[in-house]
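K.L.:
Based on what follows, work out the 3D shape:
(one chain, ligands or ions: 1)
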Amino acid sequence: MSQLDHIGIAVRSIARARGLYEALGLKLLREETIEHEQVRTAMIPAGDARIELLEPTQEDSPVGRFLAKHGEGLHHIALHVDNIAAAMETLKKSGARLISDNIQTGASGHLYFFVHPSSAGGVLLEICQDPIADV
Ligand code: ZN
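P.N.:
Numbering: from 1, shown residues only. Model prediction:
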């Protein structure tokens, strides 16, 4: 079963953006830099889902270009699945347009890929799965 995992919001500064959520009683869980995406992220748990603040480390990066084009705002929505490979297969068969055909690994070890907004109601959609435990 898929469930809402997080909502990604592009911001110019996590340091500036986090205060609003903290004023509402939410706590920043962790900050990390994902080198290959040139982005710094902060996860803020909110109930069963989380808010992910995204701050580019370079202007010429996916989130940096997003900010230049749209300004701060909703960047993506992420759904959590149990089997990401099966989800990718199903979406490909249904004709959904994916941003890339590879499943990628995030800084905390979780797996993810993105569905293009043209196949997801105009919103960039991330499909993610928990890290695979080392045996
Ligand atoms: Zn995300």
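K.L.:
Contact partners for Arg12?
P.N.:
By Cβ atoms under 8 Å, 6 or more residues apart in numbering, the contact list for Arg12 reads 55, 67, 72. C-beta: built from backbone N, CA, C; applies to glycine.
K.L.:
scratch that, Asp130 is what I was asking about
P.N.:
80, 110-111 are the contacts of Asp130 under Cβ under 8 Å, 6+ apart.
K.L.:
Which secondary structure state does the residue nearest to Arg18 when sequence neighbours are not counted sit in?
P.N.:
The shortest distance from Arg18 to any non-neighbouring residue, by Cβ to Cβ, 6 or more residues apart in numbering, is to Leu28 (5.6 Å). Three-state call for Leu28 (DSSP: H, G, I helix; E, B strand; the rest coil): coil.
K.L.:
thinking Leu28 is in contact with Glu22, fair?
P.N.:
Yes - applying Cβ atoms under 8 Å, one finds Leu28 in contact with Glu22, separated by 7.1 Å.
K.L.:
In terms of neighbours, single out the busier of these two.
P.N.:
Leu28 (15 against 11; other Cβ atoms under 10 Å).
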